[in-house]
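Q: Next input, structure requested:
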Amino acid sequence: VKYLYDLTNDYRYLNGFYKNELNNKWSVHGGVSYTYIQNDTWVDDQNIQETENGIHAKTVFEGSLSENVELKTGAEIIQRSYSQRFFIPSGADYDLGFDEWITAGFGEMDIYASNRFVTRAGVRLEYNNLIHKLSVDPRISLALKTGGPGQFSLAYGRFRQSPKNEFLRIDKALGAEKAEHLILNFQ
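A: The predicted structure follows:
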């Protein structure tokens, strides 16, 4: 287990890592990180304080189901709290902020049809408490070695992330930012 800790005036984080071989075919690894950020800004005589803290924990199991099939599966939790407080001399102080929890499970399988062709298929299942939404994001890639040092590959996947704090603090019902990738390449 490895821990890393850094402390500065306004940014702190703590990371922990773990890896263990369960047997000759399976392993487990995981990690946890904690983040704390605080900004204190003055505009004329108004004070604006921003605070964000969060925890990200992830565990992954990976191993071989057979000589030609490998599996990677796991779960993760992302928790973050954000607040922006305005202190105004007239006494009209106000707060903006949110608390977000994302829980996810994922699975990915590599299938080796031959020494030249491999398929990777996976899915990520994610629930976001802020928008009360369950999402399913599929991913697949195919790779074919051409005989020399070259390789063709085709990949498709859907990915998402939470909107930036400056948007989410105003409208907590914003959906995730999404990307859909379709990539064809030759290396």
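
Q: Listing partners with orientation, what would you give for the helix or strand harbouring residue 120?
A: Assigned by DSSP states H and E, residue 120 falls within strand 117-128. Here strand 117-128 is paired, per DSSP bridges, with strand 94-112 (antiparallel), strand 133-145 (antiparallel).

Q: which residues are in contact with it?
A: By Cβ atoms under 8 Å, 6 or more residues apart in numbering, the residues outside strand 117-128 that reach it are 72, 100-113, 133-145, 160, 162, 176. For every residue, glycine as well, the C-beta is placed using N, CA and C.

Q: could you dump the strands paired with strand 117-128 to JSON lines with mean pLDDT and distance to residue 32?
A: Formatted as JSON lines, those follow (pLDDT from 0 to 100; distance: least, Cβ to Cβ, whole Å):
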{"stretch": "strand 94-112", "mean pLDDT": "94", "distance to residue 32": "15"}
{"stretch": "strand 133-145", "mean pLDDT": "96", "distance to residue 32": "23"}
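
Q: Out of these, the one nearest residue 166 is which?
A: When the strands paired with strand 117-128 are compared by Cβ to Cβ, strand 94-112 sits nearest residue 166, at 9.6 Å.

Q: on that earlier part again, which positions within the strand holding residue 120 qualify as buried?
A: In terms of neighbour count (16 or more other Cβ atoms under 10 Å), strand 117-128 has its buried residues at 118, 120, 122-124, 126, 128.

Q: in the chain, which ranges drop under the pLDDT threshold?
A: Scanning the chain for pLDDT under 70 picks out 1-16.

Q: Okay, strands next: where are they in it?
A: Using DSSP state E, the strands found in the chain span residues 2-7, 11-21, 26-43, 46-64, 69-87, 94-112, 117-128, 133-145, 151-161, 177-186.

Q: Brilliant, that's me finished.
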